[in-house]
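Enquirer: structure for this input, please:
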Amino acid sequence: MKSRFSIAVLSTSILALAAGAASAQDKTLVINSFGGAYEAAHKKCIIEPFEKATGAKVQIVTAYSSDAFAQLRAQKAAPQFDIINFSGGQEIVGASEGLLAPIDATKLKNAGDLYDFAKANLAKGEGPAYSIAAIGLVYNSDKAPKAPSSWKDLLDPAVGEHLVLTDISNGYGMLGFLMLNQVEGGNLDNIQPGLDAVGKLLEGGAIVVSKSPEIQQEFAQNDAWLAPYASDYAFTLRTAGLPAKFVQGAEGTPASYITTNLVANRPNQDLALQFIDTSISAEAQTCFAEALRYTPTNSKAKLAPEVAADVAYGEEGVKGLIRFDPAKIEANRAAWVEAWNKAIAK
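Expert: Numbers count the residues shown, from 1 in each chain. As a prediction, this is how the structure comes out:
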């Protein structure tokens, strides 16, 4: 009898422990973030409010988009992420490979407030864009002879030696180059017009850098006036005490979508959807814009004038956003980088 009682108690204890473990698992999400200032804003604007509202815990794995995607693929049989964030369009491939789960928009109370482009393919498994890095014209407002307004201003000989281009191994550099190529008559099937333009700019004295901090160095120490780059970096330069401003080119604004995606075959999908819903809320996106100058995708985000001036804001602002096909960029990246390197080596 005693033995039967012990077995019953042990079984009950095991079930209780199992239930506790399952409960803890149900209240924990694993996500990736991008480190540095981005991750700090991610915590402040999304993660901490979500944890406070739900009582859940969020575990962060610092991993940029390409690394995170490689991990997602490697974990296909037993995924470890609940939410995965991308800035390079990896969600398109991830959804096509079944690594990401389709999202029912009716389960996101904030989905109706998103601009259409930000929620276009939820049913296919491509998560919503919750912020946008807008690529435009960053300029020195004290030294540039005039405020630029067009991508063709990059070709102005008066700018010449004061122009900073970014290598296309950098994601923002790639988007800026593709926009210059488009303005010069090229497209994603023909980047030669862009390469020809870059060659002329280098002959006129422009320089090429490969990393963001080098742009700051050029503006601070080497009399740079103009650089095609992201809106958030103009804010970074200004925070460093430099007289930098950002404008969208008249021909359009290349956009890097930052998306938040539901990983397939994970047990906490209802909780994960709550996290995604928090990410696309007007409050979270207003916070992100104030912290880093990323463009909101929620039409109800309200920005102060000084913040709105640094991003693509409102219905009119986002009309000019251009998304070059990420899948096509990825398919051609190696060949384009090789052609670019040959062009800048001349």
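
Enquirer: which stretches in the stretch 101-250 of the chain count as strands?
Expert: 129-140, 164-166, 207-209, 226-230, 244-247 (DSSP state E, counting those that start in this stretch).

Enquirer: packing partners of the longest one?
Expert: If I follow you right, that is strand 129-140. When contacts are defined as 3 or more CB pairs under 8 Å, 6 or more residues apart in numbering; DSSP states H and E, strand 129-140 packs onto helix 171-183, strand 226-230, helix 231-239, strand 244-247, strand 253-262, helix 282-292. Backbone N, C-alpha and C define where each C-beta goes, glycine included.

Enquirer: try the last one
Expert: Counting contacts by 3+ CB pairs under 8 Å, 6+ apart, strand 244-247 packs against strand 129-140, helix 231-239.

Enquirer: and for the fourth one?
Expert: Taking 3+ CB pairs under 8 Å, 6+ apart as contact, the helices and strands that strand 226-230 lies on are strand 129-140, strand 164-166, helix 171-183, helix 212-221.

Enquirer: for it, C-alpha coordinates in PDB please.
Expert: Output of strand 226-230 as PDB, limited to C-alpha atoms (Å, rounded to 0.1, in the frame of the first residue of the first chain):
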ATOM      1  CA  LEU A 226      27.200  64.700 -49.100                       C
ATOM      2  CA  ALA A 227      26.600  60.900 -48.800                       C
ATOM      3  CA  PRO A 228      23.800  58.700 -50.000                       C
ATOM      4  CA  TYR A 229      22.900  56.800 -46.800                       C
ATOM      5  CA  ALA A 230      20.200  56.100 -44.200                       C
END
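
Enquirer: name the residues that touch it?
Expert: For strand 226-230, contacts defined as CB atoms under 8 Å, 6 or more residues apart in numbering pick out 133-140, 144, 148, 151, 153-154, 159, 162-166, 172-173, 176, 179-180, 212, 215, 218-219, 256.

Enquirer: with the third one instead?
Expert: Taking contacts as CB under 8 Å, 6+ apart, the residues outside strand 207-209 that touch it are 163, 164, 165, 166, 167, 202, 215, 218, 344.
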